[in-house]
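Undergrad: Got a predicted model here, sequence first, then my questions.
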Amino acid sequence: MDDGSTPDWVHLGEGEAIVWESRPHPVAMGSRLLVGVSLVLVGFLVAVWGAADGVGVVTALGVVVATVGAGLAGVQYVHWTTTRYVITTSELYEKRGVVSRDVTQFRLDRIQNTSLRQSALGRLLGYGDLTVYTAGSGDPELTFQRLSRPHEASTVLSEQLDDLGVRSST
């Protein structure tokens with residue numbers, strides 16, 4: 001899967017390669033995106049309606065509502081596009097953030113087991129959660145949340161674990 005454009009936050013070791021990379025499913029943008037887009041549309045309509053009588057308070061209110069909606073939708077979109085999940089031949093990575101970047105990384109040989117969860121809606125729309133548990137911890141170490149094509153990620157991870165001789169249960 002590595003096409004030669006390794007992200008700067010992924011540090012590949014000797015002989016290591018990216019085997020899978022994705023971001024959350026678009027549904028992860030959630031209701032805030034829908035609210036933001038709705039506010040943009042309502043604000044635009046109010047601004048146009050208010051402008052019919054000349055520029056005034058109603059027009060200004062419409063512009064403010066549209067601007068707030070665009071900001072809300074924009075923040076959700078940026079959060080979605082900057083969240084990335086990567087599986088290499090020896091490590092897992094999760095990256096979040098734009099200004100302050102948060103990267104979680106750990107070796108595949110630490111994985112004790114994995115869990116794949118999909119709701120009925122998730123199965124219908126093609127998203128789910130892939131949770132990874134590591135040795136020495138009863139709590140999940142990392143969850144790829146609302147992941148697009150979760151079965152693909154789970155299969156790739158299982159193959160990498162098999163190649164390393166690590167047991168997993170999905």
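TA: Structure received.
Undergrad: okay, CA-based contacts and neighbour counts for the rest of this
TA: OK.
Undergrad: dump the residue contacts of the residue nearest the centre of the chain.
TA: With distances taken as C-alpha atoms, centre = their mean, residue 24 lies nearest the centre of the chain, 3.0 Å away. Residues counted as contacts of residue 24 (C-alpha atoms under 8 Å, 6 or more residues apart in numbering) are 80, 83, 84, 144, 145, 146, 147, 148.
Undergrad: Wait, the first one touches residue 27, no?
TA: No. Between residue 80 and residue 27 there is no contact, the gap being 9.5 Å when judged by C-alpha atoms under 8 Å.
Undergrad: who has more neighbours, these two?
TA: Shown here are residue 80 and residue 27; by other C-alpha atoms under 10 Å, residue 80 has more neighbours (20 against 16).
Undergrad: Mind telling me what element that one is part of?
TA: helix 57-81 (DSSP states H and E).
Undergrad: And the contacts of that helix?
TA: Contact with helix 57-81 is made by 23-24, 26, 28-29, 32-51, 96-98, as judged by C-alpha under 8 Å, 6+ apart.
Undergrad: let's go with 6 Å and repeat that
TA: Helix 57-81 has contacts (C-alpha atoms under 6 Å, 6 or more residues apart in numbering) with 29, 33, 36, 39, 40, 43, 44, 46, 47, 50, 51.
Undergrad: quick one, strands of this protein?
TA: Here the chain has its strands, by DSSP state E, at 18-22, 84-88, 91-96, 102-107, 111-117, 127-134, 142-148.
Undergrad: Output the ones you listed in JSON lines; the columns should cover mean pLDDT, distance to residue 8 and mean neighbour count.
TA: Below are the strands of the chain laid out as JSON lines (pLDDT from 0 to 100; distance: least, C-alpha to C-alpha, whole Å; neighbours: other C-alpha atoms under 10 Å):
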{"stretch": "strand 18-22", "mean pLDDT": "94", "distance to residue 8": "13", "mean neighbour count": "17"}
{"stretch": "strand 84-88", "mean pLDDT": "95", "distance to residue 8": "12", "mean neighbour count": "22"}
{"stretch": "strand 91-96", "mean pLDDT": "93", "distance to residue 8": "11", "mean neighbour count": "20"}
{"stretch": "strand 102-107", "mean pLDDT": "90", "distance to residue 8": "11", "mean neighbour count": "15"}
{"stretch": "strand 111-117", "mean pLDDT": "91", "distance to residue 8": "24", "mean neighbour count": "18"}
{"stretch": "strand 127-134", "mean pLDDT": "92", "distance to residue 8": "24", "mean neighbour count": "22"}
{"stretch": "strand 142-148", "mean pLDDT": "92", "distance to residue 8": "20", "mean neighbour count": "21"}
